[in-house]
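Undergrad: give me coordinates for this.
(one chain, ligands or ions: 2)
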Amino acid sequence: MFETKILGTDEKSVRLAAELIKSGEVVGIPTETVYGLGADAFDEAAVRKIFAAKGRPADNPLIVHVSAFDEIAPLVIEIPELAKKCAEKFWPGPLTMIMPKSNRIPLVTSGGLDTVGIRMPSNSTARAVIRESGCPIAAPSANLSGSPSPTTAQHVFADMNGRIPAIVDGGACGVGVESTVISFEGDGIRLLRPGFISVEDLKEVTENVMVDKGVLEMLGNDVKVSSPGMKYKHYAPKAEVTIVDGSSMQFNEFCKANADESDTLMVFTEADAEGLYNRKIVLGASDEEQAQHLFDALRELDVMGAEKVYARCPRKTGVGLAVYNRLLRAAAFRVIHI
Ligand code: TXA
Ligand code: MG
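TA: Ligands and ions are numbered 1, 2, ... in the order given. I've put the predicted structure just below:
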């Protein structure tokens, strides 16, 4: 058991966080997407502590974070040409690229795979902690396995109090959903997890962008998944969430006809719930605002003790696809199409 300290983002705090990481401990760190649980990616014992703190299955690989492009050469066998182009365009930023791993990355870190996901975060505190630690940092989202990803240090504290020695509090995350995860196939890109870097953005690098089946479908137990994270239960609040796919007016009419007084509504704007007197959570009108608020909203549902929730269906383009992908999992793929 630790007494979990909350650190700031000043030089002294960054140095302390780096010292903990260098000594084989796990630290909560802010990134532009969500908070991560960081440890030395080369240190097997430290990486095992991450899995233990989260209760994460050992076959779900961790993303390795670097502070500069040069740092990736020792981690991989080869950097695909398309990866170089994507790095130039989107790094530092919310994009994770899967590449064939070198022997320097322990199998514990890669969940037993011969590939590794690498990302250079744009959050300056995250990069300062990596630089100061002097090693690449393996970091999954800092939630307990199965819970919504944390977008504030308070979320991390709620899940990790006593399990890790420290959390660096860098304020609320700007993006709010985890990084876009891609792999490379021939001269194409396969999207494994949508994020702030959208399909449309990736198409500026190559027209050949495939969206993996696992992004929008529930995969059967017998299907070989492209990314282990796809097969696990995710983001689930205690409430039963149902997505209602329709316009603002259709959502409104559906809820008037079907929602009980005690049900909670998750909407873009107040207008979606006009004339309804249910408890509401408002995510915001734009895809970006919805991404920023989604995980906080999912945690809030538990705090409120919500039992049944009707959520307006996010857009399926741009950053909206990332919001939809997360909400689908929170809703256990329950969608009513109008
Ligand atoms: O924004 C983010 O990516 C955050 C911050 C902390 O950087 N991290 C994050 O990590 O979301 P995590 O572990 O919660 O999600 C990583 C996802 C998992 O679904 C995992 O299965 C997939 O990426 N992944 C990691 N390495 C992979 C690999 N080598 N091949 C396929 N999928 C991989
Ligand atoms: Mg996660």
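Undergrad: how about the strands of the stretch 151-300 of the chain, start to end?
TA: 166-168, 180-185, 188-193, 209-211, 240-245, 264-267, 279-282 (DSSP state E, counting those that start in this stretch).
Undergrad: buried ones in the second one?
TA: Residues of strand 180-185 classed as buried by neighbour count (16 or more other CB atoms under 10 Å): 180-184. No exception for glycine: its C-beta is placed from N, CA and C like everyone else's.
Undergrad: one more: the fifth one?
TA: Using 16+ other CB under 10 Å as the test for burial, strand 240-245 gives 241-245.
Undergrad: surely residue 13 touches residue 7?
TA: Yes. Using CB atoms under 8 Å, residue 13 makes contact with residue 7 at a distance of 3.9 Å.
Undergrad: just to revisit the earlier point, relative to residue 120, which of the strands of the stretch 151-300 of the chain is closest?
TA: strand 180-185 (13.1 Å; CB to CB).
Undergrad: next, the angle strand 188-193 makes with the closest one.
TA: Here strand 180-185 runs at an angle of 150 degrees relative to strand 188-193 (axes from the mean of the first three to the mean of the last three CA atoms, to 10 degrees).
Undergrad: neighbouring strands for strand 180-185, and are they parallel or not?
TA: Pairing partners of strand 180-185, with direction, according to DSSP bridges: strand 95-100 (parallel), strand 188-193 (antiparallel).
Undergrad: just say which of these is most tucked in.
TA: Greatest average neighbour count among the strands paired with strand 180-185 goes to strand 95-100 (a mean of 23), per mean count of other CB atoms under 10 Å.
Undergrad: so for that one, mean pLDDT?
TA: For strand 95-100, mean pLDDT rounds to 98.
Undergrad: what's next to the next helix or strand after it, contact-wise?
TA: Later in the chain than strand 95-100, the nearest helix or strand by DSSP states H and E is strand 115-119. Residues outside strand 115-119 that contact it (CB atoms under 8 Å, 6 or more residues apart in numbering): 61-66, 72, 75-76, 91, 94-101, 105, 109-110, 136, 179, 181, 183.
Undergrad: list the helices and strands the next helix or strand after strand 115-119 packs on?
TA: Per DSSP H and E, the first helix or strand lying C-terminal to strand 115-119 is helix 124-133. Helix 124-133 sits against helix 11-22, strand 27-29, strand 36-40, with contacts defined as 3 or more CB pairs under 8 Å, 6 or more residues apart in numbering; DSSP states H and E.
Undergrad: what comes up buried for helix 124-133?
TA: 125-130, 132-133.
Undergrad: now that helix and helix 11-22, what's the angle there?
TA: Using the same axes, to 10 degrees: helix 124-133 against helix 11-22 is 60 degrees.
Undergrad: how far off centre is helix 124-133?
TA: 19 Å (CA atoms, centre = their mean, to the nearest Å).
Undergrad: hey, C-alpha coordinates of it in CSV?
TA: What follows is helix 124-133, C-alpha atoms only, in CSV (Å, rounded to 0.1, in the frame of the first residue of the first chain):
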residue,chain,number,x,y,z
SER,A,124,4.9,19.0,-22.4
THR,A,125,4.8,17.6,-18.8
ALA,A,126,4.6,14.0,-20.2
ARG,A,127,7.6,14.6,-22.5
ALA,A,128,9.5,16.3,-19.6
VAL,A,129,8.9,13.2,-17.4
ILE,A,130,10.1,10.9,-20.2
ARG,A,131,13.2,13.0,-20.9
GLU,A,132,14.1,13.2,-17.2
SER,A,133,13.6,9.5,-16.7
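Undergrad: was I right about residue 130 contacting residue 136?
TA: Yes. Using CB under 8 Å, residue 130 is in contact with residue 136, at 7.1 Å.
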